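*Asks:* Mind folding the following:
(chains A, B, C and D)
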2 protein chains.
Amino acid sequence: MTAADDATPSRLTSKPSWLISQLSMHAHRLLTEAFASAGSRGYHYRLLAALEEAGPASQASLGRQTSMDRSDVVAAVNELADRGLVKRSRDPADNRRNIVTVTPAGKKHLQQLEEVLAHVQDELLAPLSAADRAQLVNLLTRMLDHHATRVGT
Amino acid sequence: MTAADDATPSRLTSKPSWLISQLSMHAHRLLTEAFASAGSRGYHYRLLAALEEAGPASQASLGRQTSMDRSDVVAAVNELADRGLVKRSRDPADNRRNIVTVTPAGKKHLQQLEEVLAHVQDELLAPLSAADRAQLVNLLTRMLDHHATRVGT
DNA sequence: CTCATTTCAGTTGCACTGAAATAA
DNA sequence: CTTATTTCAGTGAAACTGAAATGA
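*Replies:* As a prediction, the model looks like this:
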């Protein structure tokens, strides 16, 4: 009995929290693999994406935009700065703040990450039609909005 | 500017992988909190649920049923056995195997975990109608099935 | 010899906490 | 005095890897 018929309990497979966490795991596996092949991690993509979309920002603001912890932002910005993908500079208007800016090399790297991310999305959504995908995004967005009680904390 | 208008980049919020992982994070936070209040962790619930639904099983089989790693099954079964919630015994038909069985105390504990889990589901699905919930489970199940290439490995 | 099972030791990406220093 | 920002050190649940011992 090498690989038996070890079906997952239906009390698990019927629960949305199980489905979501299993899918999240699968997506996470695909993403870390894809990002690693481009030389980065999820945290790096989040930061670069936020910076390109909303412009230079303080580290605290970046944390709020990307749902990252303050201390993880510090570490990830360190790594990006070491690779010359972002630049740290003091905010003249508020001497506590570091203003983080994307460099041209950072924007180039972001494009690579966007490409591998697009492939992962396609693979993840493969079995769904366009209408299905829209419906999925709609449902998930409504759930997430409902639980975003404290967005700007 | 205490808590600014730090909106999440739309390139993130529009991607299913982002929505799924953020929701998974939220569900995970609720679940670990709820399970902790009952004195357990997610791994413990998975094992107890599998044992009650499919009956006594070897640790390798439990790992396949619950998508847990072999080495994590060892640790979690140790903890459950220490608390008297499961019992380990040698398989007479295959001397490599440990047959894991739920004890009455284990079944009682599982019921508590089921209750707190039900509350978390309700909270997670709060903004969705019954039809929405069915649609969500349908979509997620189809995605998960598609990616379950190697189920029995 | 090959493969499956159990076990242990260790790693990793991610989320989070506590505390200190600094400045608004 | 209170609050916000940055930083560092450390914790924790979860997923995973490699290797060893044992037995089918």
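
*Asks:* dump the residue contacts of the residue lying closest to residue A:94 once chain neighbours are set aside.
*Replies:* Once flanking residues are discounted, residue A:94 sits nearest to residue A:58: 7.9 Å by C-beta to C-beta, 6 or more residues apart in numbering or on different chains. (Each C-beta comes from the backbone N, C-alpha and C, glycine too.) Applying C-beta atoms under 8 Å, 6 or more residues apart in numbering or on different chains to residue A:58 gives the contacts A:91, A:94, A:97, A:98, A:99, A:100.

*Asks:* Of these, just say which sits nearest to chain B.
*Replies:* Proximity of the contacts of residue A:58 to chain B, judged by C-beta to the nearest C-beta, is greatest for residue A:94, which lies at 8.6 Å.

*Asks:* And the strands in chain A?
*Replies:* Using DSSP state E, the strands of chain A run over residues A:57-58, A:86-90, A:98-102.

*Asks:* Quick check: which ranges of chain A have low pLDDT?
*Replies:* Under the criterion pLDDT under 70, the flagged ranges of chain A are A:1-4, A:149-153.

*Asks:* Flag every residue of it that's near DNA strand C.
*Replies:* With C-beta under 7 Å from any atom of the strand as the criterion, chain A meets DNA strand C at residues A:1-4, A:28, A:31-32, A:36, A:41-43, A:67-72, A:94-96.

*Asks:* Can you tell me which of the residues you listed are buried?
*Replies:* A:31, A:42, A:43, A:67, A:68 (16 or more other C-beta atoms under 10 Å in any protein chain shown).

*Asks:* ok, now how distant is the last one from chain B?
*Replies:* The one in question is residue A:68. Residue A:68 is 11 Å from chain B, where distance means C-beta to the nearest C-beta, to the nearest Å.

*Asks:* pretty sure that residue is touching residue A:76, no?
*Replies:* Yes. Using C-beta atoms under 8 Å, residue A:68 is in contact with residue A:76, at 7.4 Å.

*Asks:* so who does residue A:136 touch?
*Replies:* Contacts of residue A:136 (C-beta under 8 Å, 6+ apart): A:125, A:128, B:16, B:136, B:139.

*Asks:* Just want to check the distance between the third one and chain A.
*Replies:* This means residue B:16. In terms of C-beta to the nearest C-beta, residue B:16 sits 6 Å off from chain A.

*Asks:* Do I have it right that that residue meets residue A:141?
*Replies:* No. Taking contacts as C-beta under 8 Å, residue B:16 lies outside contact range of residue A:141: 9.9 Å.

*Asks:* So between these two, which is more surrounded?
*Replies:* Ranked by neighbour count (other C-beta atoms under 10 Å in any protein chain shown), residue B:16 and residue A:141 place residue B:16 first, with 20 against 16.

*Asks:* ok, the more buried one - contacts?
*Replies:* Residues in contact with residue B:16 (C-beta under 8 Å, 6+ apart) are A:121, A:124, A:125, A:133, A:136, A:137, A:140.

*Asks:* Tell me how many other residues surround the last one.
*Replies:* What it means is residue A:140. Residue A:140: 21 neighbours (other C-beta under 10 Å).

*Asks:* circling back: would you mind listing the residues touching both of residue A:68 and residue A:76?
*Replies:* In terms of C-beta under 8 Å, 6+ apart, residue A:68 and residue A:76 are both contacted by the residues A:43, A:47.

*Asks:* The residue nearest to residue A:94 bridge partners, please.
*Replies:* Taking DSSP bridges, one finds residue A:99 as the beta-bridge partners of residue A:58.

*Asks:* measure it to DNA strand C for me?
*Replies:* For residue A:58, the distance to DNA strand C equals 12 Å [C-beta to the nearest atom of the strand, to the nearest Å].

*Asks:* As a check, name the ranges of all helices in chain A.
*Replies:* All helices of chain A, identified by DSSP state H, fall at A:10-13, A:16-37, A:42-54, A:59-66, A:70-82, A:104-125, A:130-146.

*Asks:* quick one: the shortest one near DNA strand D?
*Replies:* Translated: helix A:10-13. No. Residues of helix A:10-13 are not located near DNA strand D by C-beta under 7 Å from any atom of the strand, the shortest gap being 11.5 Å.

*Asks:* Enumerate the positions of stretch A:136-153 that are buried.
*Replies:* A:136, A:137, A:139, A:140, A:141, A:143, A:144, A:147.

*Asks:* which one of those is nearest residue A:80?
*Replies:* Nearest to residue A:80 among those: residue A:144, at 26.4 Å, using C-beta to C-beta.

*Asks:* got a list of what that closest one touches?
*Replies:* B:19, B:22, B:23, B:26.

*Asks:* which among these gets closest to residue B:54?
*Replies:* For those, with residue B:54 as the reference and C-beta to C-beta as the criterion, the closest is residue B:23, at 27.9 Å.
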